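>>> need a structure here:
(chains A and B)
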Protein chains: 2
Amino acid sequence: MTKGIAIVSGGMDSVTMAHWLQQYGYDLHLISFDYGQRHVKELQFAEECARDLGVQWDLIDVTGVGKFLTGSALTDDVVVPDGHYTWDTMKQTVVPNRNMIMLSIATGIAVAEECQLVATAVHTGDHRIYPDCRPAFIASINETAQIATEEFSEPDFEIWAPFVTISKAGIAQLGANLGVDWLKTWSCYKGGEIHCGTCGTCYERREAMKLAGIDDPTPYINNTEVYEEQA
Amino acid sequence: MTKGIAIVSGGMDSVTMAHWLQQYGYDLHLISFDYGQRHVKELQFAEECARDLGVQWDLIDVTGVGKFLTGSALTDDVVVPDGHYTWDTMKQTVVPNRNMIMLSIATGIAVAEECQLVATAVHTGDHRIYPDCRPAFIASINETAQIATEEFSEPDFEIWAPFVTISKAGIAQLGANLGVDWLKTWSCYKGGEIHCGTCGTCYERREAMKLAGIDDPTPYINNTEVYEEQA
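Residues are numbered from 1 along each chain as shown, chains lettered A, B, ... in the order given. Alright, predicted model coming up:
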């Protein structure tokens, strides 16, 4: 059975990926990162995902790194922007080089645990702004990680981003087919008791469900079609 | 003035690099990493280097990562091997993917602080065992980091390993020319009051000084020619 590290945030993309990889035959170890996010609510969902799958979950504390990566609404006191992501609002939510840092650490753990795979759930919706979610980045870091760990990693070691060429709606469709319980996934950046429905990630969640033709079971504080007004 | 992040451990290589880059005109921010080394003595020397250069120094706490990268004599309770490094003894001191992790984090900080450079002091003596110290790795991670931070990093951003093609003896020669005070650098993995003189890094320090024709001022517990006996 192939051993793999899956980076899981607790959102719908990474939870779907974990379910899918397990059905695909991988023996998974789920890891999440605490880089000083304002709200750690999503991490509870990552842990619950591991429990449901019956696999190991660990939280990697990188708060000592996060405090040097300032300027992000995810980690600072900047107001979380509402509505559809734009260049300006998404720039506020960028943690510089976050994926490269997480994938480098995951690769180190993969070597220590003799895993053949590190998996990340980046998708086409992330590409517009985040350069470290694009196919060119994934291809490049896969090569770098193989060179960095030559002779130490497993012979077929790879960093894999299975969703890098599909949309969030495509992931939602896959998750629905797999029977993923959406109520066990968390997207909202605001971290309230229920999803706000209006921040950038809530918007994308709602849009993906709608495009995939899924009856979204998520309770939202505000589920008006706010995003259409902002088009 | 070009701003740069320099990764400095407090050893002779990285301290020499920091002095050299400053003379070369860089406005430096020195960073060190605490990944759970047994002994943090070398970090005091990194801090002192920054004080001497009159620049900022920060310690990045990655102990939350280090505990997942097990199997290393640097972080575990494995006995530090004496004598010249061999494949077996060096493997014991490998922290998996350490350089990729440190360079990824340094790149994130470089973006946050609008720096054009991340510098690391890896050299040819590291190549034999550590794959993440070789020129092919440096070239690859430089490209990956540029792709990962496109549109966010400075236009000419680079990861630079100026010593990747020279030996530790060459660095010692450069340091001597720059007037680096070797007593303000630390190599020993055993972390006593003075250098042990017999662990792998002490051996390499002594050998480099000797090959460079430098009168080594370092006090050692044992400065017999132990390494020649083990040839």
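>>> isn't there a strand covering residue A:163?
No: counting by DSSP: H, G, I helix; E, B strand; the rest coil, residue A:163 falls outside a strand, being coil.
>>> how close does it get to chain B?
Using C-beta to the nearest C-beta, to the nearest Å, one gets 18 Å for the distance from residue A:163 to chain B. Placement of C-beta: from N, CA and C, glycine included.
>>> per-residue confidence at the nearest residue to that residue once chain neighbours are set aside?
In this structure, residue A:163 finds its nearest non-sequential neighbour in residue A:123, 4.3 Å apart by C-beta to C-beta, 6 or more residues apart in numbering or on different chains. Reading off the confidence values, residue A:123 has pLDDT 94.
>>> same question for residue A:66.
Predicted confidence (pLDDT) at residue A:66: the value is 88.
>>> wait, what's in contact with the residue of chain A most remote from its centre?
Relative to the centre of chain A, the most outlying C-alpha is that of residue A:151, 29.5 Å out, by C-alpha atoms, centre = their mean. Neighbouring residues of residue A:151 by C-beta atoms under 8 Å, 6 or more residues apart in numbering or on different chains: residue B:131.
>>> check what pLDDT it gets.
According to the prediction, residue A:151 has pLDDT 88.
>>> and it, which of the three is it?
Look at residue A:151: counting by three-state DSSP, its state is coil.
>>> could you pull out the strands in chain A for me?
For chain A, the strands defined by DSSP state E cover A:3-7, A:27-34, A:56-61, A:117-119, A:158-160.
>>> tell me where chain A has helices.
Using DSSP state H, the helices of chain A run over A:12-23, A:41-53, A:63-66, A:87-92, A:98-112, A:135-148, A:168-178, A:200-211, A:226-229.
>>> the fifth one close to chain B?
If I follow you right, that is helix A:98-112. Yes: using C-beta under 8 Å from any C-beta of the partner chain, we find that helix A:98-112 touches chain B at A:98-101, A:103-105, A:107-109, A:111-112.
>>> isn't residue A:31 up against residue A:4?
No: counting by C-beta atoms under 8 Å, residue A:4 is not a contact partner of residue A:31; they are 10.8 Å apart.
>>> would CSV of the strands of chain A with distance to residue A:133 and mean neighbour count be doable?
Formatted as CSV, the strands of chain A follow (distance: least, C-beta to C-beta, whole Å; neighbours: other C-beta atoms under 10 Å in any protein chain shown):
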stretch, distance to residue A:133, mean neighbour count
strand A:3-7, 12, 25
strand A:27-34, 15, 22
strand A:56-61, 19, 17
strand A:117-119, 14, 25
strand A:158-160, 13, 19
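>>> of the ones you listed, which is nearest chain B?
Nearest of those to chain B, taken as C-beta to the nearest C-beta: strand A:56-61 at 3.0 Å.
>>> do the closest one and chain B meet?
Yes: counting by C-beta under 8 Å from any C-beta, chain B is contacted by strand A:56-61 at A:58, A:60-61.
>>> contact partners for residue A:170?
By C-beta under 8 Å, 6+ apart, the contact set of residue A:170 is A:123, A:163, A:212.
>>> just to revisit the earlier point, how near is the residue farthest from the centre of chain A to residue A:157?
Distance from residue A:151 to residue A:157, counting by C-beta to C-beta, to the nearest Å: 11 Å.
>>> what's the answer for residue A:123, then?
From residue A:123 across to residue A:157, the span is 23 Å (C-beta to C-beta).
>>> who has more neighbours, those two?
residue A:123 (23 against 20; other C-beta atoms under 10 Å in any protein chain shown).
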